[in-house]
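Visitor: Next one to model:
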Amino acid sequence: MRKSIIGGIAALSAAALLLAGCTSSETSNSSGVAADTLTIQSSAPTSLNPAVGPIGQTGDIYIYSAYAALIFQKSDGSFVPDLATKWGYVDGSNNEKFTLTVRSGVKFSDGTELDAQAVVNSIKYFIAAKGPQSAQLATLQSITATGTKTVEFDFSSPTPAVPFLLSQWLGIGAIIGPKGLAHPDSLATTSDGAGPYTIASSGVIANQQYTYHASPTYYNPSAVHFKTVVVTVTTDQNAILSGLQGGQLDAATPFALPGIVDPAKSAGLNVDGAPQGIMTLFFADRAGSVVPAFGNVKVRQAINYALDRKSLATLIGGSNGTPTNQLSLPGSLGYSDSNSNEYAYDISKAKQLLSEAGYANGFSFSLLDAEAVDPNGLVGQAVVAALGQIGIKVTLQTEAQFSQFIPEALSKKYPAILFATPYFGDGYYYAAETALSTFENPFNSNNPQLDHLFAVAAAAADTATEKADLDKVSQWLLGNAWFAPIASTTQNVIWTNKIQGVQKIAAGQQGSYNPFGPTSTLSWSTK
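Guide: Numbers count the residues shown, from 1 in each chain. Just a heads-up that it's a prediction; the model follows:
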């Protein structure tokens, strides 16, 4: 039986900030740790606390430098051991009971040894913290230490993506030590994990620079290739390029900045890119409680037809942007090929549907946009213009900081939200559930028929059956127009010739580049 699914920020005085990072010396000491510094550009984190902090690429840099994951997902989508050495579903559990074995000889940065109870305590804290990803464990009935090194998870319904949920993506598998759990407020500026590096409040200049140091307690010293990691925050494309060319930066992860890719290639820098999210217009108010028009399926369908996805894909991801009408991409599990042309750009059809719904003269609403994934609100403005063509007047409200965006999304003031839902390759079950269980669904829309379709797919015994079942989920979401997916966002990574070990993303997989992995070959190093 198949048992898993593969599943603002200111443009700072960037030159000065980049120069603040140490440059490299290329020598090594007797411990095997390279005596140099990795300096990398990224976006600002919402928090350094794994329970409420960032996911995806920013999570890889800020969280998984200091916190090892229970399970590590490689760039080809496969899973390998990290803090857990073995895992799997219990036979006959219908993907509802999951067990894992905790690695021996691991210590947190506070010196405490990792055991099964520490894993249980950390995950319980993750749920209690009610961070943006806590809803992913909504079906977890219990988690128990069944031995000093064994943990059992019991879910109330089939949950096929547990290996993915416990990997380095969501913060769930980033196990926090007892000292950090006893003082959770400290986790905003310090770390208490079992990862390769640590950070103290003295190394934090909020929203500007974050300095990590190699952890003396990490269980695999051979995977630690730098004494120091400096993360600088800027979205100034010119500063990023000049920093890479001048040696002040070793690598950069300029998310949602497609214009930097071609200049970087022309400058002789190494570049790779892969999908990380699906920019989506979420119809949050599907019952029409705030704006009655959104309760009409024909209105939601009309908006889908009004979006020129091909043009928007270029705006969102440059040459790497891929238009899509689904919460997945062609070739991925969960993408319905038979419905790939649904909602092809058609202004006349959009106007017809609006008229049939009783809104021939259009209507007005406010749209919430996150600048963290839509710099300067460019996509939001394009959506406003597109809907204006069919008589819908949109007031765009942008939030620069993710920490401000989430409360606004949950406020129920906005009938629609523009955001990039995470793209997880073949983890469509997770991606679709995310869009229905987090801040992207603030009105808690649900439907018994859709719940049933999800449950059937979650209990699938093999990949072929699962694909057929997920096609039905996708078809239901398309027909009922619960979303208006637009195009893929791209996570780029740019690195100098000094760096080696960058794991390029395999076709169809999600775009996140892990500088830190559980083995030497899965971690970035210097040549």
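
Visitor: For stretch 372-389, buried residues please.
Guide: Of the residues in stretch 372-389, 372-375, 377, 379-384, 386-387 count as buried by neighbour count, 16 or more other C-beta atoms under 10 Å. From N, CA and C alone the C-beta is placed, and that goes for glycine too.

Visitor: can you check stretch 183-198 too?
Guide: Buried residues in stretch 183-198, defined by neighbour count with 16+ other C-beta under 10 Å: 184, 186-198.

Visitor: Kindly report the same for stretch 250-261.
Guide: By 16+ other C-beta under 10 Å, the buried positions in stretch 250-261 come out as Asp250, Ala251, Ala252, Thr253, Pro254, Phe255, Ala256, Leu257, Pro258, Ile260, Val261.

Visitor: I'd like the residues you listed as a markdown table, with distance to Phe282, secondary structure and pLDDT appended.
Guide: Listed next are the buried residues of stretch 250-261 as a markdown table, based on distance: C-beta to C-beta, whole Å; DSSP: H, G, I helix; E, B strand; the rest coil; pLDDT from 0 to 100:
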| residue | distance to Phe282 | secondary structure | pLDDT |
| --- | --- | --- | --- |
| Asp250 | 37 | coil | 95 |
| Ala251 | 32 | strand | 94 |
| Ala252 | 29 | strand | 93 |
| Thr253 | 25 | coil | 88 |
| Pro254 | 25 | coil | 78 |
| Phe255 | 20 | coil | 70 |
| Ala256 | 18 | coil | 66 |
| Leu257 | 23 | coil | 73 |
| Pro258 | 22 | helix | 73 |
| Ile260 | 28 | helix | 84 |
| Val261 | 27 | helix | 85 |
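
Visitor: which of those residues lies closest to Thr526?
Guide: Asp250 (8.4 Å; C-beta to C-beta).

Visitor: From Ser65, how far off is that closest one?
Guide: 14 Å (C-beta to C-beta, to the nearest Å).

Visitor: Now do the contacts for Phe439.
Guide: Pro132, Ile406, Ala409, Leu410, Ile417 (C-beta atoms under 8 Å, 6 or more residues apart in numbering).

Visitor: One more pass at 7 Å, please.
Guide: Shown in contact with Phe439 (C-beta atoms under 7 Å, 6 or more residues apart in numbering): Pro132, Ile406, Ala409, Leu410.

Visitor: Generate a ChimeraX selection restricted to the buried subset of those residues.
Guide: Selection of buried members from these for ChimeraX, criterion 16+ other C-beta under 10 Å:
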select :132,406,409,410
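
Visitor: Low-confidence stretches in the stretch 401-527 of the chain?
Guide: 403, 424-431, 433-434, 507-511 (pLDDT under 70).

Visitor: what ranges do the helices span in it?
Guide: 402-410, 428-437, 448-458, 463-480 (DSSP state H, counting those that start in this stretch).

Visitor: Just put the ones you listed in JSON lines and tack on distance to Lys97.
Guide: Listed next are the helices of the stretch 401-527 of the chain as JSON lines, based on distance: least, C-beta to C-beta, whole Å:
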{"stretch": "helix 402-410", "distance to Lys97": "32"}
{"stretch": "helix 428-437", "distance to Lys97": "18"}
{"stretch": "helix 448-458", "distance to Lys97": "14"}
{"stretch": "helix 463-480", "distance to Lys97": "19"}
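
Visitor: Most tightly packed of those helices?
Guide: Mean neighbour count, computed with mean count of other C-beta atoms under 10 Å, is highest for helix 428-437 among the helices of the stretch 401-527 of the chain, reaching a mean of 23.

Visitor: Tell me the pLDDT of the residue lying closest to Gly380 once chain neighbours are set aside.
Guide: Nearest in space to Gly380, with sequence neighbours left out and distances taken as C-beta to C-beta, 6 or more residues apart in numbering, is Asp369 at 3.7 Å. Model confidence at Asp369, expressed as pLDDT, equals 94.

Visitor: Return the residues in contact with Asp471.
Guide: Ser336 are the contacts of Asp471 under C-beta under 7 Å, 6+ apart.

Visitor: go again using 8 Å as the cut-off
Guide: Asp471 neighbours (C-beta under 8 Å, 6+ apart): Gly334, Ser336, Ser338.

Visitor: What distance do you get for Lys107 to Ile143?
Guide: From Lys107 across to Ile143, the span is 22 Å (C-beta to C-beta).

Visitor: The residue nearest to Gly380 touches Thr398, doesn't it?
Guide: Yes. Counting by C-beta atoms under 8 Å, Thr398 is a contact partner of Asp369 at 4.6 Å.

Visitor: Now list whatever residues contact both of the two.
Guide: When contacts are counted by C-beta under 8 Å, 6+ apart, Asp369 and Thr398 have Gly377, Gly380 as shared neighbours.

Visitor: So between those two, which is more surrounded?
Guide: Using other C-beta atoms under 10 Å as the criterion, Asp369 and Thr398 rank with Asp369 on top: 25 against 20.

Visitor: Check the secondary structure at the more buried one for me.
Guide: strand (DSSP: H, G, I helix; E, B strand; the rest coil).

Visitor: mind checking pLDDT for Val90?
Guide: pLDDT for Val90: 89.

Visitor: List the contacts of it.
Guide: Listed by C-beta under 8 Å, 6+ apart, the contact set of Val90 reads Lys97, Phe98, Thr99.

Visitor: cutoff 7 Å now
Guide: Counting by C-beta under 7 Å, 6+ apart, Val90 touches Lys97, Thr99.

Visitor: So it versus Phe98, what's the distance?
Guide: In terms of C-beta to C-beta, Val90 sits 7 Å off from Phe98.

Visitor: circling back: and the residue nearest to Gly380, what are its bridge partners?
Guide: Judged by DSSP bridges, the bridge partners of Asp369 are Thr398, Leu418.

Visitor: how close does Gln381 get to Phe363?
Guide: In this view, Gln381 and Phe363 are 19 Å apart by C-beta to C-beta.

Visitor: Look at Gln99 and tell me its secondary structure.
Guide: Check again: residue 99 is Thr, not Gln. Under three-state DSSP, the three-state class of Thr99 is strand.

Visitor: Burial check on it, number of neighbours?
Guide: For Thr99, the neighbour count with other C-beta under 10 Å is 19.

Visitor: Let me see the domain layout of this protein.
Guide: 14-250+496-526, 276-489 (automatic domain parsing).

Visitor: how long is the last one end to end?
Guide: Right, domain 276-489. Across domain 276-489, the terminal residues are separated by 6 Å (C-alpha to C-alpha, to the nearest Å).
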